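# Prediction below, plus the sequence it came from.
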Amino acid sequence: MVLFETARTMWHLGRGAALKPPALGRDWVWLTRTNPLDLDLLGHVNNSKYATLAELARWRLTAPSGILQASIKNKWSFVVSEQAIAYKRSILPSTRFEIRTRVHTEPGENKWVYFDHDFVSPGAADAEYRFDGDGPPLPLPGGDDRTLYCTVRAKCVLKQGRKTIYHDELRQHSPYIDGAMAFAEEQRQLRSAAAAAVGVAPAGDEPLGAASKLWP
């Protein structure tokens, strides 16, 4: 099993090298199908496998985002400090689904990098999504008929041995991460300005699983 998971990781790492980063504010989308080895005796994806699939989704974006090249050059490693999973619906055998991944930071932090993963049924194109500051992309007016199966949030820190790599250094080595962080900050400022104009406090960050309110 260890050899299988290692080979699986290397395959997705190589597959990701052929990808291009999405436009700022868009999700990284991995369209896949249920792997029989991810199923349990009850005939659906085992709860522990969602963390594995989320990790594979992160591996797929390391090369096109520039994180892989910088990590090899500088001997960096991403360490998962916390991970939270919210299960919504089971994924059954032979089911096609998407893992939609977002990379972001939180206001006032210069250390942690967050990866949010939504496991959803295939649906409309990315054009139907907009980025809404700190939280996950929200469907545009009109709704969506997708099914949300699970959400995963991984809180990570970048290390070089015992040394912590902060955002400023990471942004120097990854134009995509730099652009994503700048875009998110711009969205936060716009949202705060809009809230101040009408005399209300800006909305806070959405908790994990809050996206389920947006799905059937």
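Happy to help now that I have it. Numbers count the residues shown, from 1 in each chain.
# pLDDT score for Asp168?
Asp168 carries a pLDDT value of 92.
# and if you look at Arg26?
Arg26 carries a pLDDT score of 82 in this model.
# Same question for Ile99.
95.
# Could you do the one 3 residues further on as well?
The model reports Arg102 with a pLDDT of 88.
# which element is it on?
Assigned by DSSP states H and E, Arg102 belongs to strand 96-104.
# Go through the following helix or strand past that strand and flag the buried ones.
Sequence-wise, the next helix or strand downstream of strand 96-104 (DSSP H and E) is strand 112-120. By neighbour count with 16 or more other C-beta atoms under 10 Å, strand 112-120 contains the buried residues 113-120. Placement of C-beta: from N, CA and C, glycine included.
# What of stretch 15-35?
So for stretch 15-35, counting by 16+ other C-beta under 10 Å, buried means 16, 21-22, 25-30, 32, 34.
# and which of those is nearest to Gln189?
Using C-beta to C-beta, Gly25 comes nearest to Gln189 of the buried residues of stretch 15-35, at 14.7 Å.
# which residues are contacting stretch 19-36?
Contacts with stretch 19-36, where a contact means C-beta atoms under 8 Å, 6 or more residues apart in numbering, come from 45, 53, 56-57, 60-61, 63-65, 91-103, 118, 122, 126, 129-131, 137, 176, 179-180, 183, 187.
# from the buried residues of stretch 15-35, which two are the most distant?
Gly25 and Thr34 (29.2 Å).
# pLDDT-wise, which helix or strand of the protein ranks last?
strand 129-130 (a mean of 40; mean pLDDT, DSSP states H and E).
# pLDDT of the longest helix seen in the chain, averaged?
The longest helix of the chain (DSSP state H) is helix 175-197. Computed over helix 175-197, the mean pLDDT rounds to 84.
# chain center to it: distance?
18 Å (C-alpha atoms, centre = their mean, to the nearest Å).
# tell me the angle it makes with strand 96-104.
Counting by axes from the mean of the first three to the mean of the last three C-alpha atoms, to 10 degrees, helix 175-197 points 80 degrees away from the direction of strand 96-104.
# max-length strand in this protein?
Longest strand of the chain, by residue count under DSSP state E: strand 148-160.
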